[in-house]
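J.: Just the structure for this:
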Amino acid sequence: MKEEKALFGPGPCNISIHVREAMARPMLGHLDPDFLLVMESCKARLRHVMRTNNAITFPVSGTGSAGMELLLLNFVEPGDRIVVGVNGVFGGRIAKLASKLGAEVTVVEAPWGEALPHDTLLSAVQCVEPRLLALVHGETSTGVHQSINGLGEAVHHVGGLLMVDCVTSLAGMSVDIDAWGVDLAFSGTQKCLACPPGLAPVSISERARERWVARQSPVPSFYFDLEQILAYMDGQGGRTYHHTAPVSLVQALNEALGDVLEEGLEARFERHRNAAAHLIEGMQALGFKPLVHETDRLHPLTTLRPPPGVDEARLRQTLMQQHRIEIGSGLGPLAGEVLRIGLMGGNATLERVEFLLHAISRTLD
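T.: Prediction:
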């Protein structure tokens with residue numbers, strides 16, 4: 001058997017033996033009482049990791065984009081005014097889907113590689129008075145970390161909701177749903193949770209639930225109809241079949257969340273922060289320059305411009321062929337311009353960073 005590849009791209013990342021073993025457990029039915037206990041454990045652990053008391057917190061069947069789609073389909077109606085922060089691919093996706101759903105979308109933009117200024121976002125909220133403000137906390141396409149503090153209060157003041165994409169940041173940087181006033185949050189399992197792709201943790205506030213109950217139009221989806229999903233996820237006195245939950249993935253997520261909580265959130269955040277700092281220091285010594293200013297960097301995902309004369313595509317290809325190491329390429333206007341290096345889960349250690357730096361140094365020689 002070949003040695004496991006080292007996944008230093010934007011996700012998925014390598015998973016622990018505990019998570020692998022959870023995936024290999026005997027299959028259970030999705031309505032089996034033993035499996036429902038695992039699901040309830042998973043939901044409770046998600047609340048701890050997302051730092052929320054929201055009753056509606058659960059893993060959606062599908063990748064992170066499924067979490068985005070579920071939230072927009074259920075909480076955006078035709079004609080709704082919404083504001084979306086766009087400084088990369090994933091903010092752009094939110095804006096595009098909201099437009100398809102008939103919303104009146106106001107886009108607040110910043111250059112790729114820069115965070116969105118708070119004053120610009122606050123001005124847009126005051127001017128538009130949106131039903132929803134949507135932001136990407138960790139923009140995977142650029143490596144930018146977006147501060148959320150104070151924005152929940154501002155959008156609540158005008159009667160709106162705050163939605164946050166924390167796909168890459170969850171379990172790698174502080175995500176504080178209740179303290180930030182986030183009403184709708186979605187993530188993915190294949191990043192810092194160090195779990196296989198295929199689930200999208202979401203959390204929905206009571207304020208948002210009340211908005212959803214009062215919506216005027218039917219949800220334009222069967223698979224992502226929150227009412228039908230909750231009849232299974234939170235059925236009182238029995239659970240109604242909606243779709244077959246991915247049993248093995250939920251078991252794996254429950255184990256991965258247990259690993260996160262055993263380590264401790266603050267210790268995990270510090271480990272990701274230290275690994276990113278070590279990576280940047282080592283890559284700068286090799287001539288690479290970080291795209292994002294130090295104050296706005298996303299610790300689990302770092303974007304770096306290669307030095308003159310280094311072909312980033314050839315570097316990535318050589319790392320894969322000679323060292324079985326995966327790193328990511330740039331997206332959109334950054335395609336061919338940057339490397340995207342993910343330090344997520346068990347890969348966010350100084351030892352793993354040294355392993356990667358050594359391989360890159362040998363590749364450049």
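J.: shouldn't residue 67 be in contact with residue 200?
T.: Yes - counting by CB atoms under 8 Å, residue 67 does reach residue 200; the two are 3.1 Å apart. Any C-beta I mention is one placed from the backbone N, CA and C, and that applies to glycine too.
J.: shared neighbours, the two?
T.: Contact criterion CB atoms under 8 Å, 6 or more residues apart in numbering; residues shared by residue 67 and residue 200: 60, 186-188.
J.: Next, format those residues as a markdown table and append neighbour count, distance to residue 87 and secondary structure.
T.: Formatted as a markdown table, the shared contacts of residue 67 and residue 200 follow (neighbours: other CB atoms under 10 Å; distance: CB to CB, whole Å; DSSP: H, G, I helix; E, B strand; the rest coil):
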| residue | neighbour count | distance to residue 87 | secondary structure |
| --- | --- | --- | --- |
| 60 | 26 | 25 | strand |
| 186 | 25 | 18 | strand |
| 187 | 30 | 19 | coil |
| 188 | 30 | 19 | coil |
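J.: Just give me the closest of those residues to residue 101.
T.: residue 186 (15.8 Å; CB to CB).
J.: Please enumerate the helices of the protein.
T.: Assigned by DSSP state H, the helices in the chain fall at 17-23, 33-50, 64-75, 89-100, 118-128, 151-157, 177-180, 206-213, 226-233, 247-263, 265-285, 312-323, 350-364.
J.: what about residue 358, neighbour count?
T.: Residue neighbour count, defined by other CB atoms under 10 Å, stands at 12 for residue 358.
J.: OK, contacts around the spatially most central residue of the chain?
T.: The centroid of the chain falls nearest to residue 167 when counting by CA atoms, centre = their mean (0.2 Å). Applying CB under 8 Å, 6+ apart, we find residue 167 in contact with 64, 67, 90, 138, 140, 186-188, 191.
J.: Serialize these to TSV and add fields for pLDDT.
T.: Below are those laid out as TSV (pLDDT from 0 to 100):
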residue	pLDDT
64	95
67	98
90	97
138	98
140	97
186	98
187	98
188	98
191	98
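J.: right, and out of those residues, which lies closest to residue 332?
T.: For these, the nearest to residue 332 is residue 90 (10.6 Å; CB to CB).
J.: Could you check how many residues crowd around that closest one?
T.: Applying other CB under 10 Å, we find 22 residues neighbouring residue 90.
J.: Could you double-check that it lies in contact with residue 141?
T.: Yes - using CB under 8 Å, residue 90 is in contact with residue 141, at 6.4 Å.
J.: one step back: make TSV out of the contacts of residue 167 and add distance to residue 46.
T.: As requested, the contacts of residue 167 are exported to TSV (distance: CB to CB, whole Å):
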residue	distance to residue 46
64	14
67	12
90	21
138	17
140	20
186	11
187	9
188	12
191	14
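J.: so what pLDDT did residue 358 get?
T.: Listed pLDDT for residue 358 reads 98.
J.: Next: residue 237.
T.: pLDDT, read off for residue 237, is 57.
J.: List the buried residues of stretch 276-288.
T.: By 16 or more other CB atoms under 10 Å, the buried positions in stretch 276-288 come out as 276-280, 282-283, 288.
J.: Any figure for the gap between residue 318 and residue 7?
T.: The gap separating residue 318 from residue 7 is 17 Å, by CB to CB, to the nearest Å.
J.: between those two, which one's more packed in?
T.: Just comparing residue 318 and residue 7: by other CB under 10 Å the higher neighbour count belongs to residue 7, 21 against 17.
J.: Now do the contacts for that one.
T.: Counting by CB under 8 Å, 6+ apart, residue 7 makes contact with 13-14, 326, 342, 347.
J.: Of these, which is the most crowded?
T.: residue 342 (27 neighbours).
J.: what are the bridge partners for it, then?
T.: Residue 342 has the following beta-bridge partners by DSSP bridges: residue 301.
J.: wait, what's in contact with it?
T.: Residues near residue 342 by CB under 8 Å, 6+ apart: 7-11, 13, 191, 300-302, 327-328.
J.: for the stretch 251-365 of the chain, which spans come out with low pLDDT?
T.: Nowhere does the stretch 251-365 of the chain drop to pLDDT under 70.
J.: What of the stretch 1-150 of the chain?
T.: With pLDDT under 70 as the threshold, the stretch 1-150 of the chain has low-confidence stretches at 1-2.
J.: Now with 80, please.
T.: For the stretch 1-150 of the chain, applying pLDDT under 80 flags the ranges 1-3.
J.: Columns distance to residue 296 on top of the helices of the chain, output as TSV?
T.: TSV is the format used below for those (distance: least, CB to CB, whole Å):
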stretch	distance to residue 296
helix 17-23	31
helix 33-50	22
helix 64-75	21
helix 89-100	14
helix 118-128	12
helix 151-157	15
helix 177-180	17
helix 206-213	28
helix 226-233	33
helix 247-263	25
helix 265-285	13
helix 312-323	22
helix 350-364	21
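J.: What distance do you get for the residue lying closest to residue 169 once chain neighbours are set aside to residue 272?
T.: Leaving aside its sequence neighbours, residue 169 sits nearest to residue 138 (CB to CB, 6 or more residues apart in numbering; 3.5 Å). As for residue 138, its distance to residue 272 is 11 Å (criterion: CB to CB).
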